[in-house]
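In: Structure here, sequence nowhere to be found:
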């Protein structure tokens, strides 16, 4: 458990990455990377396959296979280098994975209530929990029968991504990393998921959308766009940067990688 003195190192409200270097199985993937996501902002992180986008997501979340060999990651001024993934979640971090994991034998309802109880460090009453869960199911156009289904077991790609957004809505993170949430979605599912993200946007949430393509950005307009090549962010700008990438691709930026 995070000590009370470590919960807030200051008044700053941001996810900050300074000089981050990360290795996977002895190979350096991220190189001296800097990024700041302020609470209340939505940023898009773009780049071709193999540029290190998912490595960044898992390093922030604390996956043990991603070894931080240099630099610093802080949440609201608190260095999270020595914190476990669940302790990072208690500080308000959420990761929506590109390929959500199936959990046989654990119902979606039990999974969500256990997760909320752990984050809030209290036993949330069943009735208000179920009321909120049903409301989110309706908003995300999910069949209520899924409440008793095992987590992600037999779910389609769109259903898995809807469930990720449902988790965000119920867990109420301060910072959400969405790793290729648009991957594998048809146009209807993309619209539903995007509407879900837009409903959660506001002063209490900082969101980082990791994507290859600009199609999700037609529905979720970011405040900032970052482009990654070869483990580094090579350019940042406003939403117009995504429009340029849509029109001309990554060729201009390859020279700066």
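Out: Cool, got the structure. What you see is a predicted model; the values in this text were computed from it and never measured.
In: From here on, just use CA atoms for contacts and neighbour counts.
Out: Noted.
In: For stretch 238-252, buried residues please.
Out: Within stretch 238-252, the residues that count as buried by 16 or more other CA atoms under 10 Å are 239, 241-242, 245, 250.
In: Kindly report the same for stretch 138-147.
Out: So for stretch 138-147, counting by 16+ other CA under 10 Å, buried means 140, 142, 146-147.
In: okay, how far is it across it, tip to tip?
Out: With CA to CA, to the nearest Å as the measure, stretch 138-147 spans 12 Å from end to end.
In: Let me know the pLDDT of the most centrally placed residue in the chain.
Out: Central residue of the chain (CA atoms, centre = their mean): residue 177, 1.6 Å from the mean position. On pLDDT, residue 177 comes in at 97.
In: quick one, what contacts it?
Out: For residue 177, the contacting residues are 57, 93-96, 207-210, by CA atoms under 8 Å, 6 or more residues apart in numbering.
In: one step back: tell me which entries of the buried residues of stretch 238-252 lie within helices.
Out: 239, 241-242, 245 (DSSP state H).
In: And the next helix or strand past the strand or helix carrying residue 134?
Out: If you go by DSSP states H and E, residue 134 is part of helix 126-139. Using DSSP H and E, the helix or strand that follows helix 126-139 towards the C-terminus is strand 150-151.
In: what residues does that following strand touch?
Out: 102-108, 111.
In: go again using 10 Å as the cut-off
Out: For strand 150-151, the external contacting residues (CA atoms under 10 Å, 6 or more residues apart in numbering) are 100-112, 160, 163.
In: Equivalent analysis for stretch 45-54, please.
Out: Residues from elsewhere that reach stretch 45-54, judged by CA under 10 Å, 6+ apart: 22, 29-31, 60, 97-98, 177-180, 208-214, 222, 224-234, 236, 242, 245, 249-250, 253, 257.
In: Which among those count as buried?
Out: Listed as buried from the contacts of stretch 45-54 are 22, 29-31, 60, 97-98, 177-180, 208-214, 222, 224-234, 236, 242, 245, 250; burial here means 16+ other CA under 10 Å.
In: ok, back up a step: turn the buried residues of stretch 238-252 into JSON lines, columns for distance to residue 117 and pLDDT.
Out: Output for the buried residues of stretch 238-252, formatted as JSON lines (distance: CA to CA, whole Å; pLDDT from 0 to 100):
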{"residue": "239", "distance to residue 117": "37", "pLDDT": "93"}
{"residue": "241", "distance to residue 117": "41", "pLDDT": "93"}
{"residue": "242", "distance to residue 117": "39", "pLDDT": "91"}
{"residue": "245", "distance to residue 117": "42", "pLDDT": "87"}
{"residue": "250", "distance to residue 117": "44", "pLDDT": "80"}
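In: quick check, nearest of those to residue 70?
Out: Nearest to residue 70 among the buried residues of stretch 238-252, counting by CA to CA, is residue 250 at 27.7 Å.
In: looking at it, that closest one is touching residue 244, isn't it?
Out: Yes: Residue 250 is within contact range of residue 244, at 9.0 Å (criterion: CA atoms under 10 Å).
In: ok so, going back, show only the entries of the contacts of strand 150-151 found in helices.
Out: Counting by DSSP H, those place 108-112, 160, 163 in helices.
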